[in-house]
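Undergrad: model the structure of this input:
(one chain, ligands or ions: 1)
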Amino acid sequence: MKTYDWIVIGAGIAGTAVAYELVKKGFSVVLLEQNPSFENATRYSYGGLAFWSATTAVTRQLCEEGMARYRLLSQELDADIEFRQLDLLLTIPRDSDPKTVATSYAGCAVPPKLLTREEASEMEPLLNREAIAAALTVKHGHINPKKTAQAYIQAFQRAGGRMEQAQVLKLHPAQRATSRDTKVETTTTTYSSGKVVVCAGGLTRQLLQASGISIPLYFTHAEIIETPPVDVRLRTLVMPACLQRLQLEAEFSKLEEIWNKPTAESIAAILDAGAIQFQDGSLRLGQISRIIPDAGAKVDSLQSERWLRQSIAAILPQLANLPGSWHHCLVAFSHKDFCLPFVGSIPFLAEDIYVFSGFSNPLAIVPSLAEHFANWVSNQEDEVIKQLSSPRQQ
Ligand SMILES: Cc1cc2nc3c(=O)[nH]c(=O)nc-3n(C[C@H](O)[C@H](O)[C@H](O)COP(=O)(O)OP(=O)(O)OC[C@H]3O[C@@H](n4cnc5c(N)ncnc54)[C@H](O)[C@@H]3O)c2cc1C
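TA: Numbering: from 1, shown residues only. A predicted model of the protein is given here:
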């Protein structure tokens with residue numbers, strides 16, 4: 001039996017940032033990841049950092065801290081995470097009123113600016129101006145999310161953390177408070193620790209359920225096309241101004257009953273047509289989000305790829321037929337009443353098991369949130385974590 005102060009489950013952006021911050025505090029930490037090639041939501045994400053989008057005091061604080069942290073993160077982790085600023089272009093469809101859409105962003109820390117479609121296509125020459133009524137724009141942060149998670153892992157290991165490939169099957173909470181006997185059962189061995197933090201992204205719900213713990217965390221099946229490096233140049237990050245994904249998440253977080261019936265059928269699916277080009281010239285074209293309560297369900301990749309290409313053709317025609325392959329991952333989201341992620345321990349059931357998940361759009365805030373989390377579990381007062389964890393504990 002291997003014993004640690006902390007076991008971190010999942011090596012996406014959440015788990016790698018948390019593992020690194022915990023080891024920096026002097027804890028002995030093991031990071032367990034089941035997937036040797038890190039095929040997760042972090043890997044397939046666009047890498048956008050929406051610092052401008054904060055709407056509350058706590059999200060403003062996290063976004064400001066996040067921006068400051070990202071400026072120094074390549075240096076601190078000693079690896080290039082490709083942090084930069086670019087123009088975000090939020091497309092407004094022909095049948096929508098641009099002013100009404102712009103008003104829906106009025107509460108953001110930096111509200112995006114309304115552009116005519118001529119201005120939008122000047123900013124992004126690949127855009128099909130006939131498909132839009134107008135667009136919004138704002139400066140957006142950007143990283144390479146795969147490189148960022150890898151940079152965290154390497155810095156974590158250099159600082160003495162241990163990473164192991166293991167699939168966690170079940171968590172066994174400590175028998176007595178103050179004992180160091182929380183058990184984590186994997187397919188090959190059992191680990192023991194003082195505390196566990198579950199950062200399993202879209203699989204968090206399934207893992208907790210297998211351990212007899214139920215919390216309001218859900219997931220979508222996300223699908224994209226990834227291209228190899230290509231010559232065509234996309235200048236901006238393009239996304240719809242009215243994200244259907246957010247409506248889908250709000251709707252299905254109210255329907256607890258469907259999540260408890262693990263059907264493998266697609267109950268609902270939307271497509272938010274968007275694209276981003278990475279510094280190596282590769283593109284991610286997305287994004288389908290599906291509600292299928294069975295995390296292991298298979299979707300029809302050929303049909304999805306057709307749908308993705310048709311939708312991209314309408315908005316960015318030159319990208320629609322590029323060579324590329326279809327990919328799938330799970331993205332977690334939390335209950336509609338909580339616009340913030342689920343961060344905290346599980347009261348009454350498992351005080352030694354923490355959850356750091358439920359992020360549907362977390363890249364801007366995860367580095368600073370992980371730092372707050374590590375402060376908080378080191379018995380330091382932390383207002384941010386207090387605010388994030390308290391509504392769910394009532
Ligand atoms: C196409 C797309 C575009 C996106 N764009 C953006 C964006 O621009 N900005 C933004 O902020 N967000 C974006 N997101 C969302 C963001 O990428 C995710 O919310 C985020 O990466 C989730 O990180 P995570 O660490 O919580 O989960 P993940 O990255 O999914 O990592 C979870 C890890 O846990 C592991 N795991 C699960 N169960 C177990 C187990 N039982 N045992 C061991 N390991 C386990 C998994 O293998 C996985 O590696 C996007 C997502 C997608 C799909």
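
Undergrad: the helix or strand hosting Thr204: how far from the chain's middle?
TA: Thr204 is part of helix 204-210, with elements assigned from DSSP states H and E. With Cα atoms, centre = their mean, to the nearest Å as the basis, helix 204-210 stands 18 Å off its chain's centre.

Undergrad: quick one: buried residues of it?
TA: 204-208 (16 or more other Cβ atoms under 10 Å). (Each C-beta comes from the backbone N, C-alpha and C, glycine too.)

Undergrad: out of these, who's nearest the ligand?
TA: Leu207 (4.7 Å; Cβ to the nearest ligand atom).

Undergrad: surely that closest one meets Gln167?
TA: No: between Leu207 and Gln167 there is no contact under Cβ atoms under 8 Å: 9.7 Å.

Undergrad: surely Ser96 is in a helix?
TA: No: counting by DSSP: H, G, I helix; E, B strand; the rest coil, Ser96 is not part of a helix but coil.

Undergrad: so what's it scoring on pLDDT?
TA: Ser96 is assigned 96 on the pLDDT scale.

Undergrad: what about the residue nearest to Gly160 when sequence neighbours are not counted, neighbour count?
TA: Spatial nearest neighbour of Gly160, excluding adjacent residues (Cβ to Cβ, 6 or more residues apart in numbering): Val23 at 6.0 Å. Residues near Val23, counting by other Cβ atoms under 10 Å, number 25.

Undergrad: now do Pro229
TA: 11.

Undergrad: sec struct for it, please.
TA: Taking three-state DSSP, the label given to Pro229 is coil.

Undergrad: now it. Nearest residue, chain neighbours left out?
TA: Leaving aside its sequence neighbours, Pro229 sits nearest to Gly281 (Cβ to Cβ, 6+ apart; 3.4 Å).

Undergrad: in contact with that neighbour, which residues?
TA: 229-231 (Cβ atoms under 8 Å, 6 or more residues apart in numbering).

Undergrad: quick revisit: part of a strand, is the residue nearest to Gly160?
TA: No: the assignment for Val23, made by three-state DSSP, is helix rather than a strand.

Undergrad: residues contacting it?
TA: Val23 touches 29, 156, 159-161, counting by Cβ under 8 Å, 6+ apart.

Undergrad: again, but for Glu371
TA: 21, 65, 69.

Undergrad: ok, 6 Å please
TA: Listed by Cβ atoms under 6 Å, 6 or more residues apart in numbering, the contact partners of Glu371 are Glu21.

Undergrad: swap in Leu169?
TA: Leu169 sits next to Glu185 when contact means Cβ under 6 Å, 6+ apart.

Undergrad: touching, Ala155 and Leu77? I think so.
TA: Yes: using Cβ atoms under 6 Å, Ala155 makes contact with Leu77 at a distance of 4.4 Å.
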